[in-house]
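Undergrad: sequence below, structure please.
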Amino acid sequence: MQDTEFFVREDVRAFLQLLEQAGGAPIDEVSLEEARGAYMALHQMADAPARDLAVVRDLSCPGPAGDIPLRLYDKRADRAAGPIIMFFHGGGFVIGDLDTHHNLCTEIAAQMDLPVVAVDYRLAPEHPFPAAIEDCIAASRWVAESHDALDRRASGIIPIGDSAGGNAAIVVSQSLAQDPADCPVLLQVPIFPLASDSSGSASIEAFADGFVLTRTAIEFFEAAYKPDKSDPRAMPILGRHEDTPPTVLVTAGLDPIRDSGRDYGAALAKAGIDHVFLEMKGVTHSFTNLRRAVPGTQKDLETIFAAMRMLLERGVR
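TA: Residues are numbered from 1 along each chain as shown. Modelled structure (predicted):
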């Protein structure tokens, strides 16, 4: 980690020093299979253990290019109709799957006491933009309408995701607002999302290297995913904000794409959308999956849950 005048929490500093000592080739110098394996290994090493739940069940739903794998989590074996959380994993739309974020999904289901459905969307470069987004939208509509297959009836859905998954959470909300499903989007929770073009931002210059997510990785993901930056499905800052549901928006203070999330928060404020903006100071991108290696991030995650409960209890539309 390079010397910096920025505030870095002590548990974060220790983790960054550990990563620096471990070394490892940049993501653009290894095979795609190795990059995906390294992402899984990082989360297995750094994240807190999975919670025990009454229900952890793999299933699938129809998608635009075949079945989409899903995983249902619930701390209760049975429950009445209520909100269902849709979870979209991070990884630049290139790496990550149901297993990389399994422990986090069990934590969300346990703490929020709501069903969680994680989506294993198609990845680039095998399936470039907008394949991942099309899968996330299709899965969300299916969950909203498929109470028999889930054995749970959705009164509304809550899109949540980290990084690329935060982008997907916003785009799903925008898509369903334009063409509503049978149940509403009650709340959205984009966590350190890519919402606007981060290239040239102050944060990407400040945190280009040494803070978990690097500029090299961002460029690698973009080259593989091939987003159309004029399309709101790639850059949701370009979409319509007036119909946005209540939002818990989270950024990380040491994240190269931090300013993208700040841009989105400003757009929500301008549109008059009820939202809670949380910038976790002194932590990096991916902090939600570093809870064993960086113990203080467990409290950060619980702060997000508290904000979600507050907005759900208010029921602001």
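Undergrad: the helices in the stretch 51-200 of the chain, which residues?
TA: 102-112, 131-145, 147-150, 164-178 (DSSP state H, counting those that start in this stretch).
Undergrad: actually, the stretch 201-317 of the chain.
TA: Using DSSP H, counting those that start in this stretch, helices in the stretch 201-317 of the chain cover 202-206, 215-225, 258-270, 297-314.
Undergrad: for the third one, packing partners?
TA: If contacts are counted by 3 or more CB pairs under 8 Å, 6 or more residues apart in numbering; DSSP states H and E, helix 258-270 sits against helix 202-206, strand 247-252, strand 275-280. The C-beta positions use only the backbone N, C-alpha and C, and glycine is treated the same way.
Undergrad: got the CA coordinates for the second one in CSV?
TA: Included here for strand 247-252 are C-alpha records, laid out as CSV according to Å, rounded to 0.1, in the frame of the first residue of the first chain:
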residue,chain,number,x,y,z
THR,A,247,-32.7,3.9,-1.5
VAL,A,248,-29.8,3.0,0.8
LEU,A,249,-26.7,4.1,-1.2
VAL,A,250,-23.4,3.0,0.1
THR,A,251,-19.9,4.0,-0.9
ALA,A,252,-16.4,3.2,0.5
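Undergrad: hang on, the earlier thing: mind checking which of the helices of the stretch 201-317 of the chain is nearest Arg57?
TA: helix 297-314 (22.7 Å; CB to CB).
Undergrad: pull out the buried residues from the closest one.
TA: For helix 297-314, a neighbour-count test (16 or more other CB atoms under 10 Å) marks Thr297, Gln298, Asp300, Leu301, Ile304, Phe305, Ala307, Met308, Leu311, Leu312 as buried.
Undergrad: shaky segments in the stretch 201-317 of the chain?
TA: Across the stretch 201-317 of the chain, the ranges flagged by pLDDT under 70 are 316-317.
Undergrad: ok, 90 please
TA: In the predicted model, the stretch 201-317 of the chain carries pLDDT under 90 at residues 314-317.
Undergrad: rebuild the helices and strands packed on helix 258-270 as TSV, extending it with mean neighbour count and distance to Asp74.
TA: Formatted as TSV, the helices and strands packed on helix 258-270 follow (neighbours: other CB atoms under 10 Å; distance: least, CB to CB, whole Å):
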stretch	mean neighbour count	distance to Asp74
helix 202-206	16	37
strand 247-252	26	21
strand 275-280	20	25
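Undergrad: out of these, which comes closest to Trp142?
TA: strand 247-252 (23.2 Å).
Undergrad: other residues contacting that closest one?
TA: When contacts are defined by CB atoms under 8 Å, 6 or more residues apart in numbering, strand 247-252 is touched by residues 166, 187-193, 258, 261-262, 264-265, 268, 273-280, 283-285, 287, 304, 307-308, 311.
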